[in-house]
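Generate a structure from the sequence data that follows.
(one chain, ligands or ions: 2)
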Amino acid sequence: MPNPSEPNSSSTDAEVSRQLGRMTRRGLAIGGSAILAGLAARRWLFAQPTEGDVIWPLRRTFQLDERISRATFDPSRLAPTFDPAKARMPRTNGRYGLDLDLVPDLDAYRLKVEGPGGSRSFTLAEIKALPKHEMTTELKCIEGWSTIVHWGGARLADLAARTGLASRDPARPLAGACDFASLESPGRAYYVGLEILAALHPQTLLCYEMEGAPLTPNHGAPLRLAIPLKYGIKSIKNLASIRFTDRRPADFWADRGYDWYSGH
Ligand SMILES: Nc1nc2c(c(=O)[nH]1)N[C@H]1C(S)=C(S)[C@@H](COP(=O)(O)O)O[C@H]1N2
Ligand SMILES: [Mo]
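Numbers count the residues shown, from 1 in each chain. Ligands and ions are numbered 1, 2, ... in the order given. Below is the predicted model:
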């Protein structure tokens, strides 16, 4: 019996190209009306009043995204991981809060961490003394590109668990943690807000390595975040401070109209 899902022997090249032609014409017709609808929608959109910098229907869309991500974020969910052989260096993207004229002084570097459990500074050596984790995950930029990257660093959750800084209750360093984390580059030139489940997720790493080599300044030396459950905007480079707080912190790109959660 011939398998109906398999092309039969009579499907010649000519037939295939006829079929492709039909599909392309249909595609063009659909594409054309989509473009016209798109243009009309754009005209309508740009005629609407703005709220802050953002046209209100877009803001509504972002708010809907926020409700969806809040409802669907599952802290036990892991971002997909890949064969390290598939990884490569991503392009350099986003330079807010990077001072590329300065060679980072790894010895002078301090990460300031504060929360209900107190306030402390960490040297890079102290971060590196935490258990090292490596992962190969996708760095997805909201601009539409993505790269599989091999990361190396310490879990933010390990730092929180060992220091109790995030917690309202010293006996429960993780379970007693407050609701959010605010992460900043020097001078607050770039800043990221995270809900606590994302901040303490096992794949949220304080990274000092990419592709098995020390971070370069372009990619956020001395220390950056890698948080593969979120779009690249949340993977803050040149991280200077982390503050655990119960008030939802501001976020650089959320202040410019993007979804505060930015999960994917
Ligand atoms: N300090 C800082 N961190 C940042 C950005 C930035 O502009 N400044 N851009 C973000 C964006 S939009 C992306 S996609 C990733 C890109 O990381 P990469 O340059 O290592 O590819 O960094 C994120 N972290
Ligand atoms: Mo990005």
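
what about whichever residue of the stretch 1-150 of the chain sits closest to ligand 1, distance to residue 253?
Ranked by CB to the nearest ligand atom, the top residue of the stretch 1-150 of the chain for proximity to ligand 1 is residue 94, at 2.1 Å. Where you see a C-beta, it was placed from the backbone N, CA and C, and this is true even at glycine. As judged by CB to CB, to the nearest Å, residue 94 and residue 253 stand 9 Å apart.

Quickly list what's touching both of those two.
residue 233 (CB atoms under 8 Å, 6 or more residues apart in numbering).

just to revisit the earlier point, so what's the residue count around the residue of the stretch 1-150 of the chain closest to ligand 1?
18 (other CB atoms under 10 Å).

Likewise for residue 86?
12.

Isn't it up against residue 138?
No. Counting by CB atoms under 8 Å, residue 86 sits too far from residue 138 to count as a contact (9.8 Å).

gap between the two ends of stretch 194-210?
22 Å (CA to CA, to the nearest Å).

whoops, stretch 119-137 was the one
End-to-end distance (CA to CA), stretch 119-137: 31 Å.

any residue of it up close to ligand 1?
No. Counting by CB under 6 Å from any ligand atom, ligand 1 is not contacted by stretch 119-137; separation bottoms out at 12.6 Å.

pLDDT (mean, whole number) over that stretch?
Across stretch 119-137, pLDDT averages out at 98.

Mind listing residues that contact it?
Counting by CB under 8 Å, 6+ apart, 79-84, 86-87, 106-107, 109-114, 148-155, 158-159, 162-163, 165, 202-203, 205-206, 208-209, 222-223, 226, 228 sit against stretch 119-137.

Return the subset of those lying in helices.
Secondary structure from DSSP state H places 158-159, 162-163 of the contacts of stretch 119-137 in helices.

need the contact list for the closest residue to ligand 2 within the stretch 51-200 of the chain.
In the stretch 51-200 of the chain, no residue comes nearer to ligand 2 than residue 141, which is 3.3 Å away by CB to the ion. For residue 141, the contacting residues are 93, 231-233, by CB under 8 Å, 6+ apart.

which of those residues sit farthest apart?
Spanning the widest gap among the contacts of residue 141 are 93 and 231, at 11.3 Å by CB to CB.

Just want to know which of these two has more residues nearby.
residue 231 (21 against 16).

Verify the stated contact: the more buried one with residue 143.
No. The criterion here is CB under 8 Å, and residue 231 misses it with residue 143 at 9.5 Å.

which residues of the chain score low on pLDDT?
1-76 (pLDDT under 70).

At the contact with ligand 2, which residues of it appear?
Selection of the chain residues close to ligand 2 by CB under 5 Å from the ion yields 141, 232.

all helices in the chain, in order from the N-terminus.
Using DSSP H, helices in the chain cover 13-46, 56-72, 124-128, 156-163, 196-199.

Now do the last one: which elements does it pack against?
Applying 3 or more CB pairs under 8 Å, 6 or more residues apart in numbering; DSSP states H and E, one finds that helix 196-199 contacts helix 156-163, strand 180-184.

Nearest to ligand 1, out of these?
In terms of CB to the nearest ligand atom, the element of these nearest to ligand 1 is strand 180-184, at 9.0 Å.

contacts for the closest one?
97, 156, 166, 190-196, 199, 225, 236, 239-250.

Please type out the ChimeraX selection for whichever of those turn out to be buried.
To isolate the buried ones among the contacts of strand 180-184 in ChimeraX, judged by 16 or more other CB atoms under 10 Å, type:
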select :97,156,166,190,191,192,193,194,195,196,199,225,236,239,240,241,242,243,244,245,249
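
Among the contacts of strand 180-184, which ones lie close to ligand 1?
97, 190, 236.

Just the ones of these in strands?
Per DSSP state E, strands hold no members of those.

For residue 215, state which of those residues is nearest.
residue 236 (12.4 Å).

surely the closest one meets residue 230?
No. Residue 236 is beyond contact range of residue 230, at 10.6 Å (criterion: CB under 8 Å).
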